[in-house]
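# Next comes the sequence, and after it the predicted model I'd like to discuss.
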2 protein chains.
Amino acid sequence: MHVNHGLMRKGESEQVIDVFKNQMDANLVYVDATDRFLGKLVDVAEPEAKRKIIGAEFIRVFEEEARKVGNEVSFLAQGTIYPDILESKDGVKAHHNVGGLPDDLQFELCKPVKLLYKDEVRVVGRELGLPENMVERQSFPGPGLGVRCLGAITCDRLEALREADAIVREEIGKAGLTIWQYFAVVPDFRTTGVREGKRAYDWPCIIRCINTVDVMTAEVPELDWALLKRITARITAEVPGICRVCYDLMPKPVGTVEWE
Amino acid sequence: MHVNHGLMRKGESEQVIDVFKNQMDANLVYVDATDRFLGKLVDVAEPEAKRKIIGAEFIRVFEEEARKVGNEVSFLAQGTIYPDILESKDGVKAHHNVGGLPDDLQFELCKPVKLLYKDEVRVVGRELGLPENMVERQSFPGPGLGVRCLGAITCDRLEALREADAIVREEIGKAGLTIWQYFAVVPDFRTTGVREGKRAYDWPCIIRCINTVDVMTAEVPELDWALLKRITARITAEVPGICRVCYDLMPKPVGTVEWE
């Protein structure tokens, strides 16, 4: 089952469907739960509250859809990996696949890769013969763009984030660089700009790139200035509502990979 | 008269006093109006409102102090330069030295450099024999750190900004680079980090550097990555309350030099 919570990257649900249905011939159930998730998130600004709402809602959707399939659904498989467990235990972040599940969960949980780091998970994926573009797919958090559209999510800012993120991924992809993870973040505040001599008062967008082996520590790649400038020019020209772009310089620690 | 509105950079009032009193032997009146300005700014988040409050309060302080000196104060000289006028006219920003003055202003205004761009102002300064460190001093907006401590100003975030800004200026100064303007900005929202394995939830800090001739357009210098990383490491290690650092990539236009 692929649940689209409305917080997927641009073109992502289409891609997931393509991989499972066309490349793997899997019996995929697709559920568009966009309105349901975004409705629950209205005016919720606190990052941990957002993560928990999204995690709980996933389970409810799974339960409802499982009932439609019939009574034969007994297991819920989760892609929990070891850093999720470590970070949840230490209270760094609530990974919704660690704890936070409803007490009356109707499935038996199955977490086959919970003791593996990401690089080890990819080895397993290759051994299982999964398509390479699936194995090498960038890490993407369960709450998706929900934790990159910082603070209380609105549809217009979420849409600006989705478009800016697509530009970041397209340009870095075209440059042929090997970067572990690269994406955009749009915080919930505005900054001044000037367009055609007039005042603009729009959101900034942050480019976040990291290289890592195990996600417990991460370094910021030294991108070419020409590439950074091209991304900046494209985002501010093509994405309504964004008038400034920054590059996140923060290694982990002290920063986390995600902003919230 | 030097009015310290509590929004000066680290060590700046001391420096102004030193230049005027010791290097120029001027009859300087120093007024510490920190509490007065910060009191008026409590809970004021809207950038234009902040600029107007600061501008109006400056005039009130000048008036009060002028009365103390006696009745012989007839003129108020302002350092308004041409881009201030252009930007205020087009509604890009309210420069507090352009319009926004109280109707009952008790001084005759004198704006000797109002038709000059910044580089021309520096030529005039040298012709007048002003100290080189004063002529070459970085541009600093009238509202000072007030428009770099984004949104509603709080004492703890203002102090974090002041310390981070001092590190940016120290490191770029030591590197011997010729950069028109370089400073720090601290927005009013938090981002996650991890310190000694535990969750941190602190402010990000943005490094803003620009090169320009006339301040009507500006380019972002391509700083050495080693320098950017050193500044990032120092700020997150030395400044309480900051757990992430970004570099502003935005030329003017579409961004303005200041964030609000």
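Arrived safely.
# Which is the succeeding secondary structure element to the longest helix anywhere in chain A?
Identified as the longest helix of chain A according to DSSP state H is helix A:47-69. From helix A:47-69 onward toward the C-terminus, using DSSP states H and E, the following helix or strand is strand A:75-77.
# OK, now which residue of the stretch 1-150 of chain A is nearest to chain B?
Closest contact between the stretch 1-150 of chain A and chain B, by Cβ to the nearest Cβ, is at residue A:92 (4.6 Å). Just so you know, the C-beta spots here come from the backbone N, C-alpha and C atoms, and that holds for glycine as well.
# Could you check how far the residue of chain A most remote from its centre is from residue B:140?
The C-alpha centroid of chain A is most remote from residue A:197, which lies 36.3 Å away (Cα atoms, centre = their mean). According to Cβ to Cβ, to the nearest Å, residue A:197 and residue B:140 sit 24 Å apart.
# got it, and residue A:72?
In terms of Cβ to Cβ, residue A:72 sits 70 Å off from residue B:140.
# okay, these two: which has more neighbours?
Just comparing residue A:72 and residue B:140: by other Cβ atoms under 10 Å in any protein chain shown the higher neighbour count belongs to residue B:140, 15 against 6.
# Which of the three states applies to residue A:227?
Here residue A:227 is helix, with the state taken from DSSP: H, G, I helix; E, B strand; the rest coil.
# Over to residue A:161?
Relying on three-state DSSP, one would call residue A:161 helix.
# got a list of what the residue lying closest to it once chain neighbours are set aside touches?
Excluding its sequence neighbours, the residue lying closest to residue A:161 (Cβ to Cβ, 6 or more residues apart in numbering or on different chains) is residue A:186, at 4.2 Å. Residue A:186 sits next to A:148, A:149, A:150, A:157, A:160, A:161, A:164, A:203, A:204, A:205, A:206, A:242 when contact means Cβ atoms under 8 Å, 6 or more residues apart in numbering or on different chains.
# circling back: the residue of the stretch 1-150 of chain A closest to chain B contacts residue A:256, doesn't it?
Yes. With contacts counted by Cβ atoms under 8 Å, residue A:92 reaches residue A:256, the gap being 6.8 Å.
# what sits in contact with each of the two?
Common neighbours of residue A:92 and residue A:256 (Cβ under 8 Å, 6+ apart) are B:192, B:194.
# With neighbour numbers in mind, choose between these two.
residue A:256 (23 against 20).
# so the closest residue to that one other than its chain neighbours, which of the three states?
Leaving aside its chain neighbours, residue A:256 sits nearest to residue B:192 (4.8 Å; criterion: Cβ to Cβ, 6+ apart). Taken by three-state DSSP, the conformation at residue B:192 corresponds to strand.
# Quick check, pLDDT for residue B:192.
On pLDDT, residue B:192 comes in at 95.
# try residue A:66
87.
# Look up how far residue A:26 lies from the nearest residue to it once chain neighbours are set aside.
Excluding its sequence neighbours, the residue lying closest to residue A:66 (Cβ to Cβ, 6+ apart) is residue A:73, at 3.9 Å. Here residue A:73 is placed at a distance of 15 Å from residue A:26 (Cβ to Cβ).
# More neighbours: the two, which one.
Of the pair residue A:73 and residue A:26, residue A:73 is the one with more neighbours under other Cβ under 10 Å, namely 16 against 11.
# What values do phi and psi take at the more buried one?
Backbone torsions of residue A:73, given as degrees, to the nearest 10, read phi -90, psi 110.
# okay, it: pLDDT?
The per-residue pLDDT of residue A:73 was computed as 86.
# Residue A:196 now?
At residue A:196, the model reports a pLDDT of 88.
# likewise residue A:94?
pLDDT, residue A:94: 68.
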